[in-house]
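> Provide a 3D model corresponding to the input given below.
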Amino acid sequence: MHAELAYVFRHAVLRDAAYQLQLPGDRARLHGLAFGIIEELIGGRPPASKPLDPERENAFESHDSDPFARELAEHARLSADARAGGAAVRKLYLRRAAEYAESRHRHPESAGLWEEHAGLADEDEGSESLRRAALALQRGSGIRRAQELLERVCERLVEAGNRRREGIVLENLGILHSEAGRFEIAERTLEQALTCHREVGNRRFEGVTLGSIASLHSRTGKVGPAEVIFEQALAIHREVGHRNAEGHTTLNLANLYQATGRVPQAESAYEKSLSIGQETGDRRKEGVVLLNLANLYQVSGRLEQAESTYQRALSLLRAAGLLREEGQALGNLALVYLDTARAELGERTLERAIAIHREVENRRFEGNALTNMASHYRTTGRAAQARTTLNQALAIFREIGDRRQEGIVMGYIGGLSRQENRFVDAEAAYKTAVEVHRETRNPRFLGAHLCEYALLLMQMKRPEEARDRWREGAAALRAAGDSAHLERLSGEMRQACLQTGVPDFVDSPR
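Here you go, the predicted structure:
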């Protein structure tokens, strides 16, 4: 073999030094040469993509150039070759690179590419590129930066008088506020979006936004209004033939049924959503519905059925290359293993879920899985590991601005401190948790942690305060339909009353 054919740069510094020794014109010609060779090797340039439109659900159509699209865009930027250079060619490959990165769950990378693409686009296309950058950041848990971009896009659309697209961006912004636990702002923003849709006659997105408002009401305990608005959204989806949105809204309605203890209705709605996903060929949606259906089986005690359904979901998600959703499925399946005395398998599966969440930068679900792992550590006598893991989860939720989950973790920290007889720390944690639950309107965990706080107060010989906290917490759990949790805590409180000689107030209305 000739030496010059075998030689490659072994050190990045030497490579960069050799590059910098080239004259600017020579470097530009080298970039043009590299661009041409890569395009030739991958079989030519991809066709122009369809115009960016927030109202179209165009699936990403892959091309052999996609793994090299980012590199080609950079060669086009730096090239002197007219065939490779120019904003149009660079913009073509920047968009493909952004879409490819998103399909591989590289959300921050995708967001950066969309922002770069926006800089080469006209006003309308640039606004849509920035919106997509924001959505990519949101999927990667970059909520604060996503909010900045959405607000920036919204300002541009207001200035342009584009009420139709303004409504779409406001809906995205409302969902972001909801995910961050800012429910009052979320509701106002979604109502503004709804006004825009109705003003311009956009029935399709009127239905989508009604579904988002209903989901917000469901999450904040407004069950009656949520159910009514879900039905309104479904009527519009059917009217305009928006089957994907109908399937998604049916899934969320099923979640509402499950949260309020209506298991048969929930199961029927999950099956309906599943059939729509199968009809539309949406493998991701089909897998996500199976995840929720498996969770229903799990919480209703049908663990064998839950396990087999999680496995079905995993097969679909893996076949579709949906690593993000696979991590979610594994996190739930791990809890089934733990609930069926397979502690080692459950712990390994939960570790795998956490690894996936970190790989795809799914910070919210990483925090959820860490919380579940901490609970496992606590029940297996590893209090120190439990506390460390809870603190890691807490840091994540504070970083991404998820107040709802922050409150839940603070309640768990209170429970761990109570178990360790660290009563002062436990009381401080429970007070913080209860305050956050009230702020985020989380009735289920408000009830649970008020009742646990009451148990702590019994240990601290403060029965009058315990009675008040208990009554409020028990009422909240009943309203949330969590009878199983209330029954378990009631047994603990009866035992606490017996041990301290306090009259049993578990079932006392006031």
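> show me where pLDDT drops low in the protein?
Low-confidence segments of the chain, defined by pLDDT under 70: 1-24, 26, 57-58, 80-85, 140-141, 508-510.
> Helix, strand or coil: sort out residue 49 for me.
At residue 49, secondary structure determined by DSSP: H, G, I helix; E, B strand; the rest coil is coil.
> which phi and psi does the nearest residue to it once chain neighbours are set aside have?
Once flanking residues are discounted, residue 49 sits nearest to residue 95: 6.0 Å by CB to CB, 6 or more residues apart in numbering. The way it works is simple: take the backbone N, C-alpha and C, and place the C-beta from them, glycine included. With angles defined as degrees, to the nearest 10, residue 95 sits at phi -60, psi -40.
> and residue 95, how many neighbours?
Counted with other CB atoms under 10 Å, the neighbours of residue 95 add up to 24.
> start at 26 instead
Yep, numbering from 26; the last one is residue 120 now.
> who touches it in this structure?
Listed by CB atoms under 8 Å, 6 or more residues apart in numbering, the contact partners of residue 120 are 74, 77, 138, 142, 154.
> Using neighbour counts, give me the buried entries of these.
Neighbour-count burial (16 or more other CB atoms under 10 Å) applied to the contacts of residue 120 gives 77, 138, 142, 154.
> Include distance to residue 162 and secondary structure when you put those residues into TSV, please.
Listed next are the buried ones among the contacts of residue 120 as TSV, based on distance: CB to CB, whole Å; DSSP: H, G, I helix; E, B strand; the rest coil:
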residue	distance to residue 162	secondary structure
77	17	coil
138	12	helix
142	14	helix
154	13	helix
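> List just the nearest of these to residue 237.
The closest of the buried ones among the contacts of residue 120 to residue 237 turns out to be residue 77 (CB to CB; 21.8 Å).
> my guess is that closest one contacts residue 153, does it?
Yes: using CB atoms under 8 Å, residue 77 is in contact with residue 153, at 4.3 Å.
> Residue 503 reaches residue 512, doesn't it?
No: if you go by CB under 8 Å, residue 503 and residue 512 don't touch, sitting 11.0 Å apart.
> Of these two, which one has the most company?
When neighbours are counted by other CB under 10 Å, residue 503 and residue 512 differ, and residue 503 comes out ahead with 13 against 10.
> thinking again about what came up before, and the residue nearest to residue 74, how close does it get to residue 85?
Using CB to CB, to the nearest Å, residue 120 is found at 10 Å from residue 85.
> cool, residue 99 as well?
Residue 99 is 21 Å from residue 85, where distance means CB to CB.
> between the two, who's got more neighbours?
residue 99 (18 against 13).
> Return the residues in contact with the more buried one.
No residues are in contact with residue 99 under the rule CB under 8 Å, 6+ apart.
> so which helix or strand takes in it?
Taking DSSP states H and E as the definition, one finds residue 99 inside helix 94-103.
> Next, the buried residues of that helix.
Burial within helix 94-103, assessed by neighbour count using 16+ other CB under 10 Å, is assigned to 94-95, 97-103.
> Same question for stretch 446-466.
So, applying 16+ other CB under 10 Å, buried residues of stretch 446-466: 451-452, 454-455, 457-459, 461-462, 465-466.
> Throw the residues you listed into JSON lines and include distance to residue 305, thanks.
Formatted as JSON lines, those follow (distance: CB to CB, whole Å):
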{"residue": "451", "distance to residue 305": "49"}
{"residue": "452", "distance to residue 305": "51"}
{"residue": "454", "distance to residue 305": "45"}
{"residue": "455", "distance to residue 305": "46"}
{"residue": "457", "distance to residue 305": "44"}
{"residue": "458", "distance to residue 305": "41"}
{"residue": "459", "distance to residue 305": "43"}
{"residue": "461", "distance to residue 305": "38"}
{"residue": "462", "distance to residue 305": "37"}
{"residue": "465", "distance to residue 305": "34"}
{"residue": "466", "distance to residue 305": "33"}
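> Among the residues you listed, which one sits closest to residue 242?
residue 466 (9.7 Å).
> ok, now which ones touch the closest one?
In this structure, residue 466 makes contact with 208, 244-246, judged by CB under 8 Å, 6+ apart.
> Adding neighbour count and secondary structure, write those out as CSV.
Below are those laid out as CSV (neighbours: other CB atoms under 10 Å; DSSP: H, G, I helix; E, B strand; the rest coil):
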residue, neighbour count, secondary structure
208, 20, helix
244, 22, helix
245, 21, coil
246, 17, coil
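> right, and the pair among those residues with maximum separation?
Among those, 208 and 246 lie farthest apart (CB to CB), at 10.2 Å.
> before we move on, the earlier item: go through the buried residues of stretch 446-466 and say which is closest to residue 212.
So of these, ranked by how close each gets to residue 212 (CB to CB), first place is residue 466, at 10.5 Å.
> what separates the closest one from residue 396, distance-wise?
For residue 466, the distance to residue 396 - CB to CB - is 20 Å.
> pull the CA atoms of the helix or strand where residue 211 lies into CSV?
Assigned by DSSP H and E, residue 211 belongs to helix 208-225. In CSV, the C-alpha atoms belonging to helix 208-225 read as follows (Å, rounded to 0.1, in the frame of the first residue of the first chain):
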residue,chain,number,x,y,z
PHE,A,208,-51.9,26.4,35.2
GLU,A,209,-53.6,29.8,35.5
ILE,A,210,-51.3,31.2,32.7
ALA,A,211,-51.9,28.1,30.7
GLU,A,212,-55.6,28.4,30.8
ARG,A,213,-55.6,32.1,29.8
THR,A,214,-53.2,31.4,27.0
LEU,A,215,-55.3,28.5,25.7
GLU,A,216,-58.4,30.6,25.8
GLN,A,217,-56.6,33.3,23.8
ALA,A,218,-55.7,30.6,21.2
LEU,A,219,-59.3,29.4,21.1
THR,A,220,-60.5,33.0,20.4
CYS,A,221,-58.0,33.2,17.5
HIS,A,222,-59.2,29.9,16.0
ARG,A,223,-62.9,31.0,16.2
GLU,A,224,-62.2,34.4,14.9
VAL,A,225,-60.6,33.1,11.7
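> What are the buried residues along stretch 178-190?
Within stretch 178-190, the residues scored as buried using 16+ other CB under 10 Å are 178-179, 181-182, 187, 189-190.
> As TSV, those with distance to residue 293 and secondary structure would be great.
Below are the buried residues of stretch 178-190 laid out as TSV (distance: CB to CB, whole Å; three-state DSSP):
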residue	distance to residue 293	secondary structure
178	39	helix
179	39	helix
181	44	helix
182	40	helix
187	41	coil
189	36	helix
190	37	helix
